[in-house]
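1. Attaching a predicted model along with its sequence, questions to come.
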Amino acid sequence: MSVIIIESPNKKDKIEKISGFSTYATIGHFKDLPNSYYIDWNNYAPNFEFKSEEAKKRMNFIFSQCKDKDVFIATDPDREGYAIGYMFFLAIKNIAKSVKRAEFHEITENGIKKGLANAIDFTKSNFYEFEAFKARAVGDKLVGFILSPKYIRLLQDKNVSIGRVQTPALNLIVSKEKEINEFNKLSDDEKTSYKLKALCKCDGKEFHIESERMCKDKKELDEFLDFLKDSKNALLENIEEKEIKKAPPKPFRTSQLQQKANQVYGFSSDETMLLAQQLFERGLITYTRTDSNALSIEFIEEVKNLFQDENWYERREYKAGKQSQAEAHEAIRITHTHYFKEINDVIEKANNEIKENTKKLGKNHLKLYTLIYLNSILSQAKDKISINKSFNFKIGVSPFKISISKTIYKGYEDVFKDSEINLNDEEEKNEKEEINLDFLNENSKIEILSYESKEVKKQAPSRYKESSFISLLEKEGIGRPSTYASFLPTLLKRQY
């Protein structure tokens with residue numbers, strides 16, 4: 001006598017099998033704002049209508065199946081999913097026996113049973129999520145359908161469109177292009193500064209130390225060199241040693257998954273989200289649209305039970321993060337822990353469980369699952385530890401310096417070496433093993449053999465990569481996890 005309502009038909013069979021309840025899919029939004037008369041200007045209420053006659057017919061059938069039943073509305077656990085569920089609730093609240101809001105954060109037996117057990121009466125759910133959806137939907141119409149026609153007339157270009165997310169995103173790209181053009185106008189001299197290096201010798205070993213002074217041009221460099229020409233020795237004033245601990249990357253938010261998949265595999269944001277959605281529907285990962293870095297205690301304990309005897313293991317808990325608007329959500333993670341060598345078996349098992357006419361998971365699904373697996377497990381690994389040594393010299397009264405970094409424990413970086421996937425930030429440079437200067441002592445006088453100049457080129461601004469651009473949008477508060485994958489294809493399609 002119970003019915004479950006979801007969005008994607010791809011999850012229907014699995015949810016129905018686990019729950020034993022009749023399950024129906026709305027196939028996403030079944031109502032939307034029309035292009036005209038989309039708002040009642042007397043009371044400012046949006047006029048949502050069925051998207052099509054076909055959608056109306058299909059939904060009326062599903063509504064009829066809810067009569068005198070206990071209905072669990074388990075549309076996706078985000079704002080858009082709640083909005084679909086709210087509209088469904090309005091349609092059946094007077095005919096259903098009861099209506100509850102359930103959230104499935106993972107399509108597994110545990111995830112579905114947990115979602116049903118924790119379901120609440122829909123009237124006690126967060127109606128503000130629907131208000132937020134209305135603001136988004138009406139905002140899109142107000143921006144797009146009021147401003148777009150104006151710009152079409154001004155520019156005499158029917159291809160122009162203005163969007164609540166796409167336009168500020170485009171503005172960031174245009175601003176960056178202007179910055180690049182301004183830099184390119186600079187002369188070579190304006191783009192170049194100089195530093196002075198001194199070649200030193202001690203105990204038969206040669207090494208360079210570098211001035212901390214930046215010379216704006218060759219004239220200033222020559223003056224600096226003339227000032228130091230009579231100095232034959234450098235004095236080692238002090239040695240500073242610092243231990244640096246680097247934690248493993250946090251569990252993925254949507255933007256971070258898109259960024260890393262783009263860096264590692266070259267996947268576009270929309271391709272990543274399609275692959276991730278299909279992995280979610282097969283029960284292999286948790287919900288894909290999230291702004292949270294949090295992990296459930298159940299998953300943390302599951303990792304502990306499997307890997308606690310490993311030298312690299314360390315239990316870690318994560319909070320949602322300042323950017324999160326939904327503290328109850330988890331990060332994107334694998335749904336069940338297993339060993340790295342079992343990844344192919346997990347994908348194969350998922351393919352064996354589907355019907356013959358259902359598309360199987362392929363190589364790209366395997367790649368993305370591997371990335372999420374590594375991130376999920378290594379979130380429970382120990383820090384990488386390095387020792388940074390700074391040798392601070394004086395030549396005359398001018399400070400010179402050389403810094404050396406040495407890894408003493410690789411921590412999380414040393415766990416899955418066979419994967420050949422670097423989970424570190426894209427900008428991180430490979431560590432250089434430089435000359436060992438441990439033989440030097442403070443207050444030692446070091447012989448100077450010669451001086452040489454070092455050109456320091458001003459960093460040219462570069463165009464955004466899709467991976468870094470999504471992170472910028474998140475930082476600037478433009479868009480949400482559900483929209484990150486959609487705006488760039490729009491900008492490209494319109495040839496902006």
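-> All right, it came through fine.

2. then the helix or strand hosting residue 177 to PDB, C-alphas only?
-> Assigned by DSSP states H and E, residue 177 belongs to helix 166-184. What follows is helix 166-184, C-alpha atoms only, in PDB (Å, rounded to 0.1, in the frame of the first residue of the first chain):
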ATOM      1  CA  GLN A 166      25.900  32.600 -17.700                       C
ATOM      2  CA  THR A 167      26.200  36.400 -17.800                       C
ATOM      3  CA  PRO A 168      28.300  37.000 -14.700                       C
ATOM      4  CA  ALA A 169      30.400  33.900 -15.800                       C
ATOM      5  CA  LEU A 170      30.900  35.500 -19.200                       C
ATOM      6  CA  ASN A 171      31.900  38.800 -17.500                       C
ATOM      7  CA  LEU A 172      34.700  37.000 -15.600                       C
ATOM      8  CA  ILE A 173      36.000  35.600 -18.900                       C
ATOM      9  CA  VAL A 174      35.800  38.900 -20.600                       C
ATOM     10  CA  SER A 175      37.600  40.700 -17.700                       C
ATOM     11  CA  LYS A 176      40.400  38.100 -17.800                       C
ATOM     12  CA  GLU A 177      40.800  38.600 -21.600                       C
ATOM     13  CA  LYS A 178      41.100  42.400 -21.000                       C
ATOM     14  CA  GLU A 179      43.800  41.700 -18.400                       C
ATOM     15  CA  ILE A 180      45.700  39.500 -20.900                       C
ATOM     16  CA  ASN A 181      45.500  42.200 -23.600                       C
ATOM     17  CA  GLU A 182      46.800  44.800 -21.200                       C
ATOM     18  CA  PHE A 183      49.700  42.600 -20.200                       C
ATOM     19  CA  ASN A 184      50.500  41.900 -23.900                       C
END
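
3. For that helix, which helices and strands make contact with it?
-> Helix 166-184 sits against helix 466-476, helix 487-493, with contacts defined as 3 or more Cβ pairs under 8 Å, 6 or more residues apart in numbering; DSSP states H and E. For the C-beta atoms, the positions are set from N, CA and C on the backbone; glycine is no exception.

4. Mind putting the ones you listed into JSON lines with mean neighbour count?
-> Shown next, in JSON lines, are these (neighbours: other Cβ atoms under 10 Å):
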{"stretch": "helix 466-476", "mean neighbour count": "18"}
{"stretch": "helix 487-493", "mean neighbour count": "15"}
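
5. can I get those in JSON lines with distance to residue 165 and mean pLDDT?
-> Below are the helices and strands packed on helix 166-184 laid out as JSON lines (distance: least, Cβ to Cβ, whole Å; pLDDT from 0 to 100):
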{"stretch": "helix 466-476", "distance to residue 165": "8", "mean pLDDT": "85"}
{"stretch": "helix 487-493", "distance to residue 165": "5", "mean pLDDT": "85"}
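
6. returning to what we had before: after the helix holding residue 177 comes which helix or strand?
-> Downstream of helix 166-184 (by DSSP H and E), the next one is strand 192-202.

7. Just want the angle from the next helix or strand after that following strand to strand 192-202.
-> For strand 192-202, the following helix or strand on the C-terminal side (DSSP H and E) is strand 205-211. Going by axes from the mean of the first three to the mean of the last three Cα atoms, to 10 degrees, strand 205-211 is angled at 150 degrees with respect to strand 192-202.

8. C-terminal to strand 205-211, what's the next element?
-> Following strand 205-211 in sequence, per DSSP H and E, is helix 218-228.

9. what's the closest non-adjacent residue to residue 415?
-> The shortest distance from residue 415 to any residue other than its chain neighbours is 5.0 Å, reached at residue 312 (Cβ to Cβ, 6 or more residues apart in numbering).

10. gap between that neighbour and residue 111?
-> With distances taken as Cβ to Cβ, to the nearest Å, residue 312 is found 28 Å from residue 111.

11. Equivalent analysis for residue 156, please.
-> Separation of residue 156 from residue 111 (Cβ to Cβ): 53 Å.

12. more crowded one of these two?
-> residue 111 (20 against 8; other Cβ atoms under 10 Å).

13. model confidence over stretch 249-258, on average?
-> The pLDDT scores in stretch 249-258 average 93.

14. quick one: that stretch to chain centroid distance?
-> 4 Å (Cα atoms, centre = their mean, to the nearest Å).
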